[in-house]
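*Asks:* Pasting the sequence and the predicted model now:
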Amino acid sequence: MRNLFFLPGRSCCRAAAAGLGLLAVTLSAAAQSNPAAPPATRPAPAGSGQPGGIGGPPVGQQQQQELQQRQQEIQQTAQQQRPPTGPTSPPPTGVGQTPPASQGAPSPGGLGTLGEPSGTTTPPAQVGSAPRGGTMMGTATGAARTLAVAPATLSLPEAMTIGLENNLTTLLATERATEARALRQQVRSFLLPNITGTAYQQNRTLNLVAQGLVPGGSQDMMGGGTGGGMAAAPTIPSFVGPFNTFDARLNFSQALLNIAALRQYKSSAAAVQVADLTAELAREQVATFVALAYLSAQRGSLDVRAARADLSLAEALRQLAQKQRDAGIADGIDVVRAEVRESQQRLRLAQAEASATQDRLDLARAVGLPQGSATVLTDTLVARAEAVPTVEEALAPAQAARLDTRIAEQTIAQKELDRRARAAARYPIISAAGDYGQSAVTPFKNDRATRTYGVLLSVPVFDGGYINSRVKAALSEQRQAELELGNTRGQVEQDVRQALIGWNLAAAQVRAADEQLALAGRELALATQRFRAGVADNLEVLQAQAALANARALRVQALAQYGAARLNFAAATGTAQSFRL
C-alpha cells in the first residue's frame, strides 16, 4: 500500500514538501516526548490500511483479522446447526404384522417401530423410542431453563411455546443472531467518524550525546563522530533536564471514500439475515422435537391404558376359569393358563408404566418442566377425517416456506456481497484525520494551541496476490452455496413426497387397526361363550385374548404413527410450529 498525504490549501510542491517535513517533525517530537502514550486501537476501515494518525503506522489490522475470523466461526457454527439432508427414520410398515401372542404388544424396534418425521428439520427421534440425553443434529436440545412451577395441564401448543422459550437450541441460536448484529455494528464503525481524547503530563531527562549532539570542541562536533550529526552549540549541555511536558488534545479520523468497507457492511447485513433465518430454523427444529416428545408421551399413556384394560380382562377370565372349575366344567389346566396370562399382562403393565414415565421425563427435559411433575397432557392422539393433499398442492408452498431453502438463497447473496467487498480492496481509500489541543510545560502554564490535519490517500500497489486469492476463495464459497441450494431444493421435494407416502400409509394403518380391534373383540366374545357353555376349554379364550391385546397395541401404534406422519408433513413443508394434533 502506498500512502500519499495532501495538505489542503497548498498548490505549490515546495510548500507541500515543507508542510510534510514540518508534520513529520511534529509527530516525531510528540513520539519522543510521550513514549508511554498508548497506540491507537480503533480498527481502521476494512482493508484500508489507514494509519492511526497522519504519517503514522497502520492500526486496526489485528482487530480486522479477529473480526473476519469470528465471522467465519459464526458461519461454520450455523452450517453445523443446519440439519443434514436425507430421511432420518425408517419407513413404517403395515398394521397387519401381528407379534406373537406371548408378547401382547408390538416390538418397540425394527420395522414395526413408529418413525419420526423425516424432513430435514426433524430431529432423529422415534415415537415411543425417543433418544435419551436429548440430542438433535449433533446439538444439545434439552431445556437450558426450567419452570419454577409446573402447569396443571399442558396442551401441545403450550408445550411448543414453553419449549421455544427454554430450549438450549433456540437460546443459542438467538444469541448467535445477536452476535451477528454486534459484528455488523463493528463493520459499520469503520464508516463512521472516530474522535478520541488524550492527555498526559510527564517529567523527562535527555542525553543529547545519544541523539548525536555533543559538547563544543569535540571532534564529533565537526561531523566526524559516529552520529554524523551537526555540531551542537557550545552552550548546550550534553545532559538536559529534568523538565515537564504537558499535552491534551482531541484526535479525529473519518473515512471519506472506502468502497471496501461499505461493501463489507452490506455483506455483514446479509449475514445478519442468515443468522435470523438460522435462529428461526432452530425454532422449527425445537418445535418438531417438542411435538415428537409430546407424541411419545401420549403414546405411552395410551399404552398404559391398553395394558390396564388387558390386565382387567385377564383377571376377569381367570375368575371365569376358576368358576368353571368349581362348577366341574373346566379343568385345573384352564385355571393355570388363565393365571399365566394374568401374570404376563401384569408384567406388560409394569413395562408400559415404566416406558410412559421415561417418555414424560423426556418431554419435561425438552420443554423445561420440573422433572417428575404431574402435569396432565390435554391433547390426545386421534385420527382426523381430513384429505391428504397432493404433491402438486404441497410442493410449491414447501419450497417457499422451508427455512433451509431460504437460508441457502440468502447465503448465496451474502457470499456474493462478500466477494465484491474483497474485490473492492483494490480501490483507493481516502481518509481525513486531524488533532487539536493544548501543549505546555504544565497545565495552564505557557500553553499554546497546536493542531495537525490532512487527507490520506491509500493506494494498493502490490500485495503478493493476497487480494486476488481472497476474491477467488469468496467466489468458490459462492459456488458452493449455489450447489447447496440445488441440493436443498431437491431434498425438499423428496421430503414432501415421502411425507405424503407416510401420511397415506398411516391413515390406512388406522383404518386397519380399527377393523382388527373390532374383529378381535367379537372373536373373544364368541370364545368366551363357548367356554362358558363347556363346549371348549379356555385355550381359544386365551388366544382370542392375546389377539385383542395385540389389536389394542397395534391401534395405539397406528394412532402414534398417524400423528408422526402428520408431523412429518408439517416439518417437510416448514410449518412444524403450527402443527396441532
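*Replies:* Thanks, I have the structure now.

*Asks:* Residue 538: how many residues sit nearby?
*Replies:* The local packing of residue 538 (other CB atoms under 10 Å) involves 26 other residues. Placement of C-beta: from N, CA and C, glycine included.

*Asks:* for stretch 384-397, how far is the first residue from the last?
*Replies:* For stretch 384-397, the separation between the terminal residues is 22 Å (CA to CA, to the nearest Å).

*Asks:* who's in contact with it?
*Replies:* With CB atoms under 8 Å, 6 or more residues apart in numbering as the contact definition, stretch 384-397 has outside contacts at 492, 493, 496, 497, 500, 503, 504, 507, 566, 569, 572, 573.

*Asks:* Which positions within it qualify as buried?
*Replies:* Taking 16 or more other CB atoms under 10 Å as the basis for neighbour counts, the residues of stretch 384-397 that come out buried are 388, 389, 394, 395.

*Asks:* and the two most separated of those?
*Replies:* Greatest spacing in these, by CB to CB: 388 and 395 (13.8 Å).

*Asks:* Please save the CA atoms from whichever strand or helix holds residue 255 in CSV.
*Replies:* Under the criterion of DSSP states H and E, residue 255 resides in strand 239-257. Only the C-alpha atoms of strand 239-257 are listed here, as CSV (Å, rounded to 0.1, in the frame of the first residue of the first chain):
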residue,chain,number,x,y,z
PHE,A,239,22.5,16.3,29.6
VAL,A,240,19.2,18.2,29.7
GLY,A,241,16.5,18.0,32.3
PRO,A,242,14.6,17.3,34.2
PHE,A,243,11.8,19.2,32.5
ASN,A,244,8.0,18.9,32.3
THR,A,245,5.8,18.3,29.3
PHE,A,246,2.0,18.5,29.1
ASP,A,247,-0.3,17.8,26.1
ALA,A,248,-4.0,17.5,25.8
ARG,A,249,-5.9,17.1,22.5
LEU,A,250,-8.7,15.7,20.5
ASN,A,251,-8.0,13.3,17.7
PHE,A,252,-10.4,12.9,14.7
SER,A,253,-10.5,10.5,11.8
GLN,A,254,-13.1,9.9,9.1
ALA,A,255,-13.2,7.7,6.0
LEU,A,256,-14.2,9.9,3.1
LEU,A,257,-14.1,7.1,0.4
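
*Asks:* tell me the mean pLDDT for the helix or strand following it?
*Replies:* Downstream of strand 239-257, the next assigned helix or strand under DSSP H and E is helix 259-326. Helix 259-326 shows a mean pLDDT of 95 in the predicted model.

*Asks:* what's the angle between helix 259-326 and strand 239-257?
*Replies:* In this structure, helix 259-326 runs at an angle of 70 degrees to strand 239-257, with axes from the mean of the first three to the mean of the last three CA atoms, to 10 degrees as the basis.

*Asks:* For the following helix or strand past helix 259-326, could you pull out the residues that count as buried?
*Replies:* Along the chain past helix 259-326, the next helix or strand (assigned with DSSP H and E) turns out to be helix 332-367. Burial within helix 332-367, assessed by neighbour count using 16+ other CB under 10 Å, is assigned to 334-335, 337-338, 341-342, 344-345, 348-349, 351-352, 355-356, 359-367.

*Asks:* average pLDDT for helix 332-367?
*Replies:* pLDDT averaged over helix 332-367 equals 95, rounded to a whole number.

*Asks:* again, but for stretch 172-180
*Replies:* Averaged across stretch 172-180, pLDDT comes to 94.

*Asks:* chain center to it, what's the gap?
*Replies:* In terms of CA atoms, centre = their mean, to the nearest Å, the gap separating the centre of stretch 172-180 from the centre of its chain is 8 Å.
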